[in-house]
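In: everything below, folded, please.
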Amino acid sequence: MKNITLGVFICASFLIGITAHAEEIDLTNSLVKTADSTAVYYVSEDGKRHAFPHQKVYKTWFKDFSLVQTITGTQLASLPLGKNILYRP
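Out: Reported below is the predicted structural model:
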């Protein structure tokens, strides 16, 4: 019984470690969104997230949404909000 309990504890500890590590993904220079929102952000080198106010602004920078990564709400909330992205000149 001790071996089973120890095995479950080790597996649970491993899974908790994976979850904690997943929150630490480097998102610098990435496009991100959450699963429950259509808002897209660019994560700059200073770690701030910058919102595209609407699709027309986004489309001046990118042709489609293929580069957008979906992250958790916790990950998004950990990124300070920067200035909105403007139309590309």
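In: middle-most residue in the chain, spatially?
Out: I71 (3.5 Å; Cα atoms, centre = their mean).
In: pLDDT at T60, what is it?
Out: With respect to pLDDT, T60 scores 98.
In: that one against Y87, yeah?
Out: Yes. Here T60 reaches Y87: they are 5.1 Å apart, a contact under Cβ atoms under 8 Å. From N, CA and C alone the C-beta is placed, and that goes for glycine too.
In: ranges for the helices of this structure?
Out: Listed in chain order, the helices of the chain (DSSP state H) span 2-22, 55-61, 73-77.
In: low-scoring stretches of this structure, by residue?
Out: Within the chain, the segments meeting pLDDT under 70 span 1-23.
In: which residue, other than its chain neighbours, is closest to L81?
Out: Closest residue to L81 in three dimensions, ignoring its sequence neighbours and counting by Cβ to Cβ, 6 or more residues apart in numbering: R49, at 6.0 Å.
In: what is the neighbour count of the one you found?
Out: By the criterion of other Cβ atoms under 10 Å, R49 has 21 neighbours.
In: count of neighbours near T72?
Out: Residue neighbour count, defined by other Cβ under 10 Å, stands at 13 for T72.
In: and if you look at Y42?
Out: Other residues near Y42 number 20, with proximity taken as other Cβ under 10 Å.
In: just K63 next, same as before
Out: For K63, the count of nearby residues is 8 (other Cβ under 10 Å).
In: repeat that for L31.
Out: Using other Cβ under 10 Å, L31 has 18 neighbouring residues.
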